[in-house]
Each structure stands twice: as structure tokens, then as C-alpha cells.
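Participant: I'll drop the sequence and a predicted model, then ask my questions.
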Amino acid sequence: MQEIKKVTVKVPQAYLDFMNQIFEIEKKAANLKEENSIQRNLNKMKGILEEEFFKGSSTIGLTYHNPLGEGYSDTRTDCEATIAGTGVENLEIIEVIKPIIFYAYQENDKVIKVIVQPAVVIVQSKNSNL
Amino acid sequence: MENTINFGIDLGTTNSAIAKFVKGEVIIFSNPQDYGRNTLPSVVSYRKDKITVGSKAKEYLERDSKSVVGVFKRKMGTSESFKIKSINESKTPIELSAQVLKELKTFVNTGDALDAVVITIPASFDAIQSNATKEAGIQAGFKQVVLLQEPIAASLAYANMKKGREMKDGQWLVYDLGGGTFDVALIKISEGEMKVLDHEGDNFLGGADFDNMIVEKLVIPKILEKHSFSNLEDEMKSATGKFNAKYYVLLRRAEEAKITLSSKTSAEILIDGFEDEDGNEVDMEIIITRSEFNEIIKPNIDGTIDMIKKIITRNSLKPIDVQFTLMVGGSTYIPYVRSRVEEVLQIPSNCEIDPTTAVAIGAAYYAATKPKEISTGDNNKKQTSISIKASFNKASKEKEELFAARITGDVTGLSYRIIRQDGGYDSGIKKLNERINEDLPLVDGAYNFFTFTVYDNQNNVIETDIEPIGVNSGFGISGQPIPEDICLEVDDYDNPGKTRLQLIFQKNTILPTKKTITHQLNKTVIKGSTDEVIRVNILEGSHLALPEANKVIGFMEITGNMIKRDVGKGSDIEITITMTESRDLNVAAYLNMVDQEFKEIFNPKARFTSIEFLKEQVEDLSDKLELEIQEATDKEDYETAGALNKLKKEMETVSEETDNLTNDDVTDKRYQLEDKKRKIAQEIDSATKNKRIQQVKALYFEVKEECLKMLDENGNDHERKTYNDIVAQEKAFFATNSPMKIQEKSDEMQSILSRIRWRTPEFLTRIFQWCKNNQTKMNDQAQAKSLVDAGNFAVESQNWERLSEINSGLLNLLPKGAEKEATTRIGFGL
């Protein structure tokens, strides 16, 4: 019988808070109408979190994923969702309050990712009359 | 086999939890599907093919009330049942509770046989309701179910926490304010026996109401102060309202603010992302203070206090007769709840136990005292003759991968569940059929493991022969490895005027791949000027070889003509190198200071050779050859000299032909010459390698000896460890026969040495003396003087730490020109 090997990783909350802030900035930067290169700095910061922070340990680092626009169903345990609107079929993620944060590490040459923060999202049916 | 029950379950109206007594301690099992949470929302959802219990079901509760059921505990013991539209069946509160209990069984990861359990019930439950709870336990597969009243459980958790101190005979209150319900009970302990004397409750009051009130009474009015909306509240709260999604965002933020207010006196709520009726964007951050929050929840809290007063009056008690009010339930984290109850009743609030898990913990303590009355039968992992043949792609670039399985054996009454190991996917518990097809969502760029578990109808695990499902996503399978290192040429600060290679992608890295490297520029490039250029030169070949010996695969020059304004020395250049699966090389260089990016794509079909750069390289190589011949001859190393002399003729031809090339030559000549140059460089490299290896080895041993001496005198453990690590690798890096590699280790050793030196009084005093001698050259004379004064004092008082700081300060005051000027062929270096 296989074992349900559940890897639990404790990442200090401050790192997660920090990533959530970068995510917020990224969201705001995307809304800026005038030309800018804020995204570059954000990518740099994300790169540091992904590659530099845990250098020396066997870890790869932290990354996040913005699930905006993706489909949603109750099998998605990587998101904590609130359903807005009227329907529950054909749900789509329409707002992302917090992104999914992954912690990646290497095991026998395989990159393994563990979710350390599920996304907090608002979803709505594509068929909703809203 | 244990002979006491040991397992306790808090089967709550809104949340449930399971705990176990193990050797004097109670452990709470965490929810495997809910990120470190210990509780399971008591909500059950039915779909055509599966049942989901917990937070996923809760998400659908409000919107899909015909298929999802919650708060059924209130209906326990009634003949009422819930019609479930999706499966066209009715479910009783007992059946629903049994689902919650079955789900809780899956939390237990200790491999225990779960056949007996203590389940808690509210103090208000009558005999019928109690029996209904027992029945739910039996339906969930428990053979023995013992019931325990919730306030007693909480009190037991408290009593056990106060280990070693006997609970005095007397009375206290258990105040249980959770997410959606409120209960209060009066407990009496007499001669070691606890019992519930009286209770009151409100089934419709809890933390969720407070979140609502924050939005309704604080947030919406504050939005309306600044923006015009004719019907904001309705537009938010109505499912068909324009701002319904925003309402839920605000509820989430309100909940966060509420939690913050438990530890801080104010919290912020961000409101953004929509427009008011005048077309103005709403983007505000409002501050909610603890007193504002307290004000809005006051009527509700006072309502709970009135209930306590009723109990006190009914039992002819005075506040002084009650020892304390034991706070239970998540909402008692709110400081105002604790203080208000204490203030009005004049009974001290007791907040010593974890309010969210106290009931389950208490139940487990109780379970540890209850003997098991059932025969210790077989383990709950039942053996069956089920065999599973699974098929799926072991590697995939899709977002989802189809998993198909054929099951042989009797599948009647069995169900299955597939869970992704990272916790991001849970199929829910579904009916097992002879054939299963499931789309499994994959996390990009990682190995995805799924576990496939089969359960019987009471959620006991059934043994099967299936192996874990592993799918590699994104890269690694169809991608090809790079045959050679990919490197970037950089200025070599150890050998001024020379360059070296920085490894970007190691040989055998799987494509596609990407890396960003940041360097500080070591030269200033003036806008419009062509005197100074920055070169980004990407080469293929061993990163330990000489740059000239490798093949250029991408080359880019940034001149003053291309930039918007001057780029200063010391500013950053970010070089991003991407290689696609078809080996297309994308190079992007970004100059931070001017916020400009230069991009080019190089593909293997076309080679990029800058004639100007080639000429420079050929000239350098020619000089180098002369120098090496001279050196070898001087050292009477005739073998090397002979080998090098053979190359001379060839070198001369290449020099001549390169000189004759015009900068706009369109023939293949430049490529041929580049190849020839590379070959000569490789040969020089191998002819002189021994010499260079000897040089760097000698240097390495010199540094090592010095380092060991310093370590003995002044080293710390960390430095010793670093030293030992390098020494342990000695054999390996000598065996590489690469001067670069040995140099690298020598540098690491050198940096240990410098660190130790920088702590020794002699060295610090020497540096300080040198700074004093150069004081007149310093930028800020006044500051220099005050630092020198401070330094003299530090020397006198032997405060070496301070002297070290002062030295750094003084060195910083020296004009930049005084620093060693790095030679700058590339524009950045190592």
C-alpha cells in the first residue's frame, strides 16, 4: 500500500507576507497606464526569492502563481474561494486577493513544489448574469 | 493495541476537529487538505459522482444550497431531512454528521484502528439528539461511541493544562463563541466530578456576523463619504448586484482586519478596483480602530452577557460564587469580548486554553480514561482482492493529464480519492467503478505526485497494489541537454587587462533555460561617445577555458550612441540569457540607470562575429603568444617554447588576414578566421596549462599556509569549517587540471584570510596608520579628522571592533581615483 506522504514545509510568515506585497505591487503596476519598467524590478525581486534567498541550502526557493482567469472547481485545494454572483457552474477566478505560493526543493534531481499558501480568490460563474 | 479509546472528536455546528491522547499529551490532527488548519468546516456537498466535506463544500454553501448542506447539527434528532437536488435524494442530519466524522477519520495519519471514539455534544442536547449523534458515529464506522458535553470537554482541557494542581470544588462558566454559534454553560465541580448545571445559547451569532458588520457599518459608510453610489450596499449584497464580487473581497479583508485588531489597536482595509457612479476610481485605504470595532459588536456581546445573567439569577448565584469564565471558540480571541464579559459580570475571564481546539482536546483527555469495550479485531486497513492497473503519461506539458485506471475485483461500496502531494488538488471521495478517468491538474515545472486511495463505505483505507502516480511537468523530458557550457565573458579583476568566463548554463542543462545575471559596470559610458563600449559576449565551451578558445554564439555591443543618457560606473547591468529548445539564444541587457533594454536573438543558423572585436582578440592573442614564448625561453622550458613557436607562423597568417578584413566584409572569411583563432587559443591554452597550473597551485599553497596560521591564532568555528571544506575538496579541484578552478579555490581561501586579518589588532592598526598617512588626500577633511581622533582613541582603549568600523569609514573617504583602476574590456567583471 502506498503511503500518503504529505510534505509539510513551514515557511516563516514574514516571507509569505513579503511575497504577498510583491504580488500586490505587481497587480497595481499592471494597472498603471503610463509606460514604466516597474515590472522589471518586480521580476528581479521574484528572482531573488526564487533563487537567492535560500542559497546554500538544498532549496530552490519561493515562487508564486496568480490564478486570475483560471477555471475553478471544488477539486482546487490550492485556492480558498468565495463564490460571487448567482451560478456555481463553469466558475472562473475573477479576483485574486492572495496568490498561490510554492516552495520548491530538489529531491533526487526532481524539482518538487509544495504549496505553502493557497490563493485567496473570488470566483464567479461565466454564465452569471452579473 | 491500546485498551482505552484515546480519540476525541469535536463535532461542531460550524467546525469539527479530531484529537488523540498519546502518552500523557494530546495531539490535534491537522486537516490534510487545508494548510495547517486543525479544523474541518462541518459542511457536506453532494455532486453526481462524489461527496466533498469541509472548506471546499463550504465555499459552495451559500450559492448552491440545494446540493450543499451546513449547520445540520441544529436539526439533529428531528425528523427533518435535507433534499439534495444533485443526487435527487434526501439526507438526514445523522447521515450528514456521519460524513463529517468519516472525513475526520482521514485526518488520522498514525495508522491507528479507529473503532472507538468520544464525540462531544452541546449541553443543550436532549436524549434524542444525543442518540442521533451516537448513531452518526456508528454510521461512520465506529463500533463504540461515548458522548461528552462540550463545556465539560473544554473544562477538561483546562484542568489537564493545569496539570498537578487539583481543580478546586466550585463553579465556573464556559463561554463558547465560535464562527456561527454561541453557547454558555455553568459547570460545577464537586468531589472531582464535573457536571453542567445550566446553559443558554444563540444559534445565530458568531465571528462571521462581525465580519459582515465591519463591511456594513464601517467600510461602506467610509466609501460613501468620498464617492457617490446610489445603492452601494444592495449592489454589493445582492447576488445579482454589480459589486457582489467586491463585497466578498471586502468580507475577506474585514476578517483579516478583525484578526489584526486582536493584537493591534488599528487595522487597514484596502478598497480598490472599481469605479463610482461619476467614473472616479475607488482606491482608498481605511483605518479601522479597535474602539470602532468594539462599538459595533457591543450590542451582540451585551446580548451574550444577558444570557449569562439569566443563568446566574436562575441559579441564585452572585458573581463571586463563580470562579471564572472559561473562554472557548475562535471569537473569544477578540480582546473586547474577554474584557467586556469580565467588566460587566465582575467575574475574571480565563483565556488560558486554545479556544479553537479546546473541546477536541478535552474529548481526547476524556477518551484516555474510557476503556475500549470492543474486541480488538482486525486492523482498519482491510485486505481485499482489488487490483488496479493505471495508465498515464509520466511526463506532460499540458496543464492537465488524463489518468485512467482499470480495477479488477469487487468494487461494490468502495470509493476512491486522488490527492496531489503538494496539497493543491483533491478529487473528493468518489464512487469506485471498474473504469476510472480523471483529469489531474499539474503544477508547471515540477514533479507532481498523486496518491490514489481506496476506501470502504466507512472511510477505512483499503489496501491496493497501485504505486504513487508521478508526472513530470514542464521540462526535462522532451527538452534536450546543452552539449557544452554556455558562458559570459567578463573582465578578470585578478588579471587586469584580461578576461575570464562566467558560467551561465552548465553542460547538460536541459533546454529551455533562462538566467539573469547582474553586474556592476566598471566604466562610465557617455551618451553619444563611442570611446567606451559595453560588451555582452556569450560563448559556448568549457567555462574553465580561456575566452578566446571558446566559440562566440552571441555578441552585443552597447555604445554611447545607443543610450538615452550617461551610464555611470557602479550602476547595474542586468543580463538575461534565455536559450530555447531549438537553441535560439535570446540576450537582453538592461541598464538600470537609464532604464533601457537592448535585446537580440541569435540562432544557430547564423553566426555573429564582430570584425572589430575579432581584430582586437587576434591582436591580444598574438601578443599573448609572444609573451608566452619569451617566458618559456627565459625559463629554459624548451619543450613549451618549441610548441608555441610552431603556432607562431599560423598566428601571423591569421593576424594578417584579419587586418585586411574590412568592417563590412560580407564573406565567410570572418568566421573562418574566428575558428582559426579559436584553435590557436586552444593550443596555447594546452601548451601553457602546466605552467599556469603550477603558478596557481603555488599561490594556493602559499595562501593556505598563511590561512592555517591565522586560523590557529584568530579563526572562528565558521571560518575553520569553510577552510576544512576547501581542503577536503583539494584532491577534486586539483584533478580538474584547470587553472581557473584552482584559482577560484585560492580566492575563497584568500577571503577567509582577509576576514580574519580584518579582526587582528596588528592589521587594523596598520591599516589605520596607512589611512592616517593618506589623510590629506581624503574627500571630507573634517570627517577624516574626527574619524582619526576616534581611531586614536580606539587604539588606546584597544577597542578593535570600533577601529575596524573607523578604518572602513576612512577608506571610504579616499577619492575613487585612489582605488586600483580595473581594466575594462568588457564593461563589467568578477
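Facilitator: Right, received. Where do you want to start?
Participant: B:F701 and B:M749: what is the separation?
Facilitator: With distances taken as CB to CB, to the nearest Å, B:F701 is found 10 Å from B:M749. Glycine gets a C-beta too; all of them are placed from N, C-alpha and C.
Participant: Distance check, the closest residue to chain B within chain A against A:V9.
Facilitator: Closest contact between chain A and chain B, by CB to the nearest CB, is at A:D78 (3.4 Å). If you measure A:D78 against A:V9 using CB to CB, the figure is 15 Å.
Participant: More neighbours: which of the two?
Facilitator: Between A:D78 and A:V9, counting by other CB atoms under 10 Å in any protein chain shown, A:D78 is the more crowded of the two (24 against 13).
Participant: center of chain A, which residue is that?
Facilitator: Geometric centre of chain A, nearest residue: A:I100, 2.1 Å, by CA atoms, centre = their mean.
Participant: Test my guess that it contacts A:I115.
Facilitator: Yes. When contacts are counted by CB atoms under 8 Å, A:I100 is listed as touching A:I115 (6.1 Å).
Participant: Who has more neighbours out of B:F701 and B:M749?
Facilitator: B:M749 (24 against 13).
Participant: Run a quick neighbour tally on the nearest residue to B:L644 once chain neighbours are set aside.
Facilitator: Leaving aside its sequence neighbours, B:L644 sits nearest to B:I629 (CB to CB, 6 or more residues apart in numbering or on different chains; 4.8 Å). Neighbourhood size, B:I629 [other CB under 10 Å]: 21.
Participant: Run the chain-centre distance for whichever helix in chain A runs longest.
Facilitator: If you go by DSSP state H, chain A has its longest helix at helix A:13-31. Centroid separation for helix A:13-31 versus its chain: 10 Å, with CA atoms, centre = their mean, to the nearest Å.
Participant: Mind listing what's buried along that helix?
Facilitator: Within helix A:13-31, the residues that qualify as buried are A:15-16, A:19-20, A:22-23, A:26-27, counting by 16 or more other CB atoms under 10 Å in any protein chain shown.
Participant: Show me what that helix is packed against.
Facilitator: Judged by 3 or more CB pairs under 8 Å, 6 or more residues apart in numbering or on different chains; DSSP states H and E, the packing partners of helix A:13-31 are helix A:38-47, strand A:59-65, strand A:91-98, strand A:100-107, strand A:110-117.
Participant: and with 6 Å instead?
Facilitator: helix A:38-47 (3 or more CB pairs under 6 Å, 6 or more residues apart in numbering or on different chains; DSSP states H and E).
Participant: quick one: which two of the buried residues of helix A:13-31 are the most distant?
Facilitator: A:Y15 and A:K27 (19.0 Å; CB to CB).
Participant: helix or strand for the residue nearest to B:L644, which one?
Facilitator: Secondary-structure assignment from DSSP states H and E places B:I629 in helix B:611-634.
Participant: re the thing from before, setting aside sequence neighbours, what's the nearest residue to the residue of chain A closest to chain B?
Facilitator: Counting by CB to CB, 6+ apart, the residue nearest A:D78 is B:G424, at 3.4 Å.
Participant: Can you report phi and psi for that neighbour?
Facilitator: phi -90, psi -10 (degrees, to the nearest 10).
Participant: For it, report the pLDDT, please.
Facilitator: B:G424 carries a pLDDT value of 87.
Participant: Flag the shaky bits of the stretch 551-700 of chain B, pLDDT-wise.
Facilitator: Across the stretch 551-700 of chain B, the ranges flagged by pLDDT under 70 are B:582, B:603-608.
Participant: how about low-confidence regions in the stretch 51-200 of chain B?
Facilitator: Scanning the stretch 51-200 of chain B for pLDDT under 70 picks out B:163-167.
Participant: Quick check: residues of it near chain A?
Facilitator: Residues of the stretch 51-200 of chain B lying close to chain A by CB under 6 Å from any CB of the partner chain are B:52, B:56, B:59-60, B:63-64.
Participant: how about these, which pair is most distant?
Facilitator: Largest separation among these by CB to CB: B:T52 and B:R63, giving 14.2 Å.
Participant: how about stretch B:328-337: buried residues?
Facilitator: Those would be B:328-337, for stretch B:328-337 by 16+ other CB under 10 Å.
Participant: in chain B, what residue is nearest chain A?
Facilitator: For chain B, CB to the nearest CB, closest residue to chain A: B:G424, 3.4 Å.
Participant: if we can go back for a sec, my guess is the residue nearest to A:D78 contacts A:V116, does it?
Facilitator: No. Counting by CB atoms under 6 Å, B:G424 sits too far from A:V116 to count as a contact (11.0 Å).
Participant: ok so, going back, out of the buried residues of helix A:13-31, the closest to A:Y105 would be?
Facilitator: Closest to A:Y105 out of the buried residues of helix A:13-31 is A:Y15 (14.5 Å), distances taken as CB to CB.
Participant: The closest one - nearest residue in space that isn't next to it in sequence?
Facilitator: A:L62 is the one closest to A:Y15 (CB to CB, 6+ apart), at 6.3 Å.
Participant: Which pLDDT value belongs to that neighbour?
Facilitator: 89.
Participant: pretty sure it contacts A:L49?
Facilitator: Yes. The criterion here is CB under 6 Å, and A:L62 meets it with A:L49 at 4.8 Å.
Participant: Comparing the two, which residue is more hemmed in?
Facilitator: Set A:L62 next to A:L49 and count neighbours by other CB under 10 Å: A:L62 wins out with 23 against 19.
Participant: Identify the bridge partners of the more buried one.
Facilitator: Taking DSSP bridges as the rule, A:L62 bridges to A:Y103.
Participant: Repeat that for the one 10 residues further on.
Facilitator: The residues paired with A:Y72 through beta bridges, assigned by DSSP bridges, are A:L91.
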